[in-house]
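> Okay, predicted coordinates and the sequence, questions at the end:
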Amino acid sequence: MLARIKEFLGMETKPEAKNPEIKEVASEEEVEKVAEEKPKPKIGYIHLSGCTGDVISLTENYDILAPLLTEMVDIVYGQTLVDRWDIPEMDIALIEGSVCLQDEHSLKELKEVREKAGLVVAFGSCASTGCFTRYSRGGQQAQPSHESFVPIADVVKVDLSMPGCPPSPEIIAKTVVAVLNGDMDYLQPMMDLVGYTEACGCDLQLKVVNQALCIGCGTCAMSCPTRAVGMTDGRPEVNGDRCVKCGICYIQCPRSWWPMERIKKDTGL
Amino acid sequence: MVLGTYKEALSARSTDKQIQKISQDGGIVTALLSFALDEKIIDGAVVAGPGKDMWKPVPQVAMTSDEVLAAAGTKYTLSPNVWTLKEAARQYGLEKIGTVSIPCQTMGIRKMQSYPFGVRFVADKIALILGIYCMENFPFESLRTFISEKMGVSPELVEKMDIGKGKFWVYTADETLSIPLKETHGYEQNGCNICLDYVAELADLSTGSVGSPEGWSTVLTRTDNGDSLFKQAVEAGIIETKPMADVKPGLGLLEKLSKEKKEKNQKTIDNRIAMGLPVPYKASTEKEDPLANY
């Protein structure tokens, strides 16, 4: 996997990694520096069953968006972004949205992208965990028979998973910089998260509280994008009616996985 | 490293008589948050503020040094401060947020800053994390139970709680009561027993009573941020310091307690791994430094 990413992005020849200490959103300077030194990867954006919020979040990186789109990457495919109808070869496919099993066009596009792309990224929680499309039972317009929406990893092999409803502009910027720098350590959790496709606020109870891991810090409640998680007597309490199954509460929990090395690098501690 | 990475270790206390009177030990957190607010280094601070029930704190956004003062003193139970960071950023619209946090909370915040998967525009607004030393924490009902049942006093009558000299102390208007800490063991939340961080190793600055004489705190400055704030506060006369070498019991005690916590909890981690239970940390056999926090 690591070799594959490096190969696709021509990173074997990269100069000694310059310890990309990005404390906050990657700065414009950093992005320009990266842009000068690295070959531009070809990126495609594929929109399946999602709300477009994930790509909007990408555009919220105002200070790096222009150099990102013009100097760092080539956008080679994407509805509304590129006037091209056939799917070209690409280095990275960002796939937003879950895939509907009754929608033959989505399935075909997804499979074709998998063949044409070096790396497939489940971009946002709909693609990685199914998110709120998990609640679909069909019976809606424009096609009432469309009822089964699953994470794309159920259908094709996924290389990186970037959950979030939407993923924050910061994580997108950090990931772009990591990919361009060949910083595989940073991407490792995203490779690990590929397998986390059945997410739910109830994971806090099942995988943290039930497992004697909860310490009542409140990170889950802070992270929840829909405020479905509150804290009662020092433990998360999930309102199932508000939970969109994005998985973020469990992913941000300091007791689900613990990236100590990266934090030490980022804080200098 | 048993105390994490730090720049300087000092014994210190607030010079403010009012803070000295109501705060836990040296009043470092109260003094520094107030100073940071007054100097506009932060716009507001998430603190463990007073709640409806005595001794059951509620995370609160303090916007003034008076509000910080009202939250002074240690509460030996859960206050999910990390939760309220988002409220500080959104409802309060703060750009520079300070907070006081125990080691596990610091870990939640730092993980969110390095991997802000679903957390939009909060990571860059955390301007100051003051960490406090923490051996373990008690659910509120645990605290209430051993105070009322083992110590025989109603929590409403308690004016101050403290841990020191191997005992849990409560002070009421007219008496001082204590029980040995081993009487409180088993009441701590279980999640604390796999924690490898005693001294908030990832905070900007960490502080707590251990190592310093009564009324003083041991301060470890860690990041440039924490170090610079502390130096400014000392320069402004808000905080007075003594070299650790000149005070008793000294840094050795802090190191000893930190090592004990790490060793004891690493055993629990190893046992859990042997049972096949999930743990976010490594087994001792897989670690280069057996005392490291991962």
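Great, that's in hand. Residues are numbered from 1 along each chain as shown, chains lettered A, B, ... in the order given.
> CA atoms for contacts and neighbours, from now on please.
Fine.
> could you pull out the helices for the stretch 101-250 of chain A?
With DSSP state H, counting those that start in this stretch, the ranges of helices along the stretch 101-250 of chain A come out as A:104-116, A:125-129, A:169-181, A:184-192, A:203, A:219-223, A:248-252.
> Show me which helix runs longest in chain B.
Ordering each helix of chain B by length in residues (DSSP state H) puts helix B:251-275 first.
> is the residue most central in space within chain A in a bridge, and if so with what?
Central residue of chain A (Cα atoms, centre = their mean): A:Met162, 1.7 Å from the mean position. Beta-bridge pairing of A:Met162 under DSSP bridges involves A:Phe123.
> does it really touch A:Cys126, like I thought?
No - using Cα atoms under 8 Å, A:Met162 makes no contact with A:Cys126, being 10.0 Å away.
> what does the stretch 51-200 of chain A put close to chain B?
Residues of the stretch 51-200 of chain A lying close to chain B by Cα under 8 Å from any Cα of the partner chain are A:162-171.
> Could I have the buried ones of the residues you listed as ChimeraX selection syntax?
One line in ChimeraX is enough to select the buried ones among these; burial here means 16 or more other Cα atoms under 10 Å in any protein chain shown:
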select /A:162,163,164,165,166,167,168,169,170,171
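> so where's the stretch 101-250 of chain A shaky on pLDDT?
For the stretch 101-250 of chain A, no stretch has pLDDT under 70.
> show me the contacts for residue 157.
Defaulting to chain A. Counting by Cα atoms under 8 Å, 6 or more residues apart in numbering or on different chains, A:Lys157 makes contact with A:114, A:120.
> wrong one, I was asking about chain B
B:Leu157 sits next to B:172-173 when contact means Cα under 8 Å, 6+ apart.
> now the helices for chain B?
B:17-22, B:28-38, B:65-70, B:81-90, B:103-114, B:140-145, B:181-184, B:224-235, B:251-275.
> Reformat those helices as a markdown table; add mean neighbour count and distance to chain A.
Supplementary listing: those in a markdown table, determined by neighbours: other Cα atoms under 10 Å in any protein chain shown; distance: least, Cα to the nearest Cα, whole Å:
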| stretch | mean neighbour count | distance to chain A |
| --- | --- | --- |
| helix B:17-22 | 15 | 25 |
| helix B:28-38 | 25 | 19 |
| helix B:65-70 | 19 | 20 |
| helix B:81-90 | 24 | 4 |
| helix B:103-114 | 26 | 5 |
| helix B:140-145 | 18 | 7 |
| helix B:181-184 | 14 | 17 |
| helix B:224-235 | 17 | 9 |
| helix B:251-275 | 17 | 10 |
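> With distance to B:Ser11 and mean pLDDT as added columns, please give the ones you listed in JSON lines.
What follows is those, written out as JSON lines (distance: least, Cα to Cα, whole Å; pLDDT from 0 to 100):
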{"stretch": "helix B:17-22", "distance to B:Ser11": "14", "mean pLDDT": "94"}
{"stretch": "helix B:28-38", "distance to B:Ser11": "10", "mean pLDDT": "98"}
{"stretch": "helix B:65-70", "distance to B:Ser11": "21", "mean pLDDT": "96"}
{"stretch": "helix B:81-90", "distance to B:Ser11": "26", "mean pLDDT": "98"}
{"stretch": "helix B:103-114", "distance to B:Ser11": "20", "mean pLDDT": "98"}
{"stretch": "helix B:140-145", "distance to B:Ser11": "29", "mean pLDDT": "95"}
{"stretch": "helix B:181-184", "distance to B:Ser11": "25", "mean pLDDT": "93"}
{"stretch": "helix B:224-235", "distance to B:Ser11": "12", "mean pLDDT": "98"}
{"stretch": "helix B:251-275", "distance to B:Ser11": "9", "mean pLDDT": "97"}
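> that older thread, for A:Cys51, find the nearest of the helices of the stretch 101-250 of chain A.
Nearest to A:Cys51 among the helices of the stretch 101-250 of chain A is helix A:125-129 (8.9 Å), distances taken as Cα to Cα.
> what does the closest one rub up against?
Helix A:125-129 is contacted from outside by A:49-50, A:95-99, A:122, A:131-133, A:150-153, A:161-167, A:194, A:196-199, A:245-247, using Cα under 8 Å, 6+ apart.
> packing partners for the longest helix of chain B?
For helix B:251-275, there is no helix or strand it packs on, judged by 3 or more Cα pairs under 8 Å, 6 or more residues apart in numbering or on different chains; DSSP states H and E.
> Can you give the domain ranges for the chain?
Went with chain A since none was named. For chain A, automatic domain parsing gives the domain ranges A:2-195, A:203-267.
> You answered for a different chain; I wanted chain B.
What the record gives for chain B is the domain set B:8-136+B:193-286, B:138-187, from automatic domain parsing.
> Distance to A:Ala221 added to those domains, as CSV?
Listed next are these as CSV, based on distance: least, Cα to Cα, whole Å:
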stretch, distance to A:Ala221
domain B:8-136+B:193-286, 5
domain B:138-187, 18
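> so which of those gets nearest A:His146?
With Cα to Cα as the criterion, A:His146 lies closest to domain B:8-136+B:193-286 of these, at 27.8 Å.
> okay, how far is it across that closest one, tip to tip?
End-to-end span of domain B:8-136+B:193-286 (Cα to Cα, to the nearest Å): 31 Å.
> just stretch B:201-217 next, same as before
End-to-end for stretch B:201-217, by Cα to Cα: 16 Å.
> what about it and chain A, touching?
Yes - applying Cα under 8 Å from any Cα, one finds stretch B:201-217 touching chain A at B:201-202.
> which of the residues in that stretch are buried?
Residues of stretch B:201-217 classed as buried by neighbour count (16+ other Cα under 10 Å): B:201-213, B:215-217.
> Next step: these restricted to strands.
Those of those mapping onto strands are B:205-208, B:217, per DSSP state E.
> Format those as CSV; extra columns: pLDDT.
Output for those, formatted as CSV (pLDDT from 0 to 100):
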residue, pLDDT
B:Leu205, 98
B:Ser206, 98
B:Thr207, 98
B:Gly208, 97
B:Ser217, 98
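> Which single one of those residues is nearest to chain A?
For those, the minimum distance to chain A (Cα to the nearest Cα) is 11.2 Å, reached by B:Leu205.
> in the sheet, who's paired with the closest one?
With DSSP bridges as the rule, B:Leu205 is bridged to B:Leu130, B:Thr221.
> doesn't B:Ser228 make contact with it?
No - the pair B:Leu205 / B:Ser228 is not scored as a contact, 10.1 Å apart, by Cα under 8 Å.
> quick one on the thing from earlier: in the ones in strands among the buried residues of stretch B:201-217, which two residues are the furthest apart from each other?
Using Cα to Cα, the pair of these lying farthest apart is B:Leu205 and B:Ser217, separated by 12.2 Å.
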